[in-house]
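**Student:** Quick one: sequence plus predicted model below, questions after.
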Amino acid sequence: MKRASAQNLMRLVGNVQSIGSTHFLDRSALLLFLDEVVAADRVSEAVAKRLVVTEPTPSRRSRKMLRFALPRDLRSVMVKDLPRNIEVSAGSLRIRGADAMEIVRSLHLVAQALQNDLDTMQSLLDPPVPQPQVDDAEIRSMFERLRADEAAVVVKEKGSLRGL
């Protein structure tokens with residue numbers, strides 16, 4: 001089979017994976033396509049149906065390579081250092097940019113911050129732990145006393161640290 005024919009067949013099957021300049025098909029996608037061809041009255045009908053829903057095979061000419069590196073001073077970026085166009089909140093990461101490359105650079109910056117400061121990023125992205133719902137008044141008052149005692153201990157510890 002010639003290259004052009006193979007690429008056309010791969011495009012019909014769909015789910016093409018590229019590694020370098022080599023293209024691979026998912027086995028299950030190929031089997032599904034062959035089942036459709038066998039079940040069809042005519043092969044041309046199955047092919048025509050697939051042509052409507054398939055994507056083109058990856059091409060090295062149409063693919064642009066992203067080549068950029070973070071400046072040396074940004075390689076140690078922490079979550080607190082992220083610019084304002086990157087918003088991190090519980091269950092949400094929002095990146096705004098003037099164009100695609102600015103957004104991609106911001107994504108790269110977020111990836112670097114994740115690598116350098118994963119615990120902080122997780123604490124910001126994870127939703128807050130819900131407070132337990134207590135129905136009994138006695139248990140509710142016990143929790144309130146515990147919270148007050150914890151707050152008093154924190155205040156006392158801060159006071160003793162100031163004396164140092």
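**Tutor:** Ah, there it is. Just so it is clear, the structure is predicted and the values come from calculations on it, not from any experiment.

**Student:** Let me see the domain layout of this structure.
**Tutor:** Listed domain ranges for the chain are 3-53, 72-125, 134-164 (source: automatic domain parsing).

**Student:** Turn those into a markdown table, columns for mean neighbour count and mean pLDDT.
**Tutor:** For every residue, glycine as well, the C-beta is placed using N, CA and C. Compiled in a markdown table, those are given as follows (neighbours: other C-beta atoms under 10 Å; pLDDT from 0 to 100):
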| stretch | mean neighbour count | mean pLDDT |
| --- | --- | --- |
| domain 3-53 | 13 | 79 |
| domain 72-125 | 14 | 89 |
| domain 134-164 | 9 | 78 |
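
**Student:** Name the nearest residue to Val88, sequence neighbours excluded.
**Tutor:** Excluding its sequence neighbours, the residue lying closest to Val88 (C-beta to C-beta, 6 or more residues apart in numbering) is Leu124, at 4.7 Å.

**Student:** ok, that neighbour - contacts?
**Tutor:** Leu124 makes contact with 79, 88-90 under the criterion C-beta atoms under 8 Å, 6 or more residues apart in numbering.

**Student:** wait, is it part of a helix?
**Tutor:** Yes - per DSSP: H, G, I helix; E, B strand; the rest coil, Leu124 lies within a helix segment.

**Student:** That one and Glu87, how far apart?
**Tutor:** For Leu124, the distance to Glu87 equals 10 Å [C-beta to C-beta, to the nearest Å].

**Student:** Over to Ala113?
**Tutor:** Separation of Ala113 from Glu87 (C-beta to C-beta) stands at 13 Å.

**Student:** do the same with Ala152
**Tutor:** 36 Å.

**Student:** what do you get for Arg72?
**Tutor:** Counting by C-beta to C-beta, the gap from Arg72 to Glu87 is 26 Å.

**Student:** need the helices for the protein, in chain order.
**Tutor:** Taking DSSP state H as the criterion, the chain contains helices spanning 3-13, 27-39, 43-53, 100-116, 118-125, 137-162.

**Student:** The fifth one relative to helix 100-116, how many degrees between them?
**Tutor:** Read that as helix 118-125. Angle of helix 118-125 versus helix 100-116, following axes from the mean of the first three to the mean of the last three C-alpha atoms, to 10 degrees, is 120 degrees.
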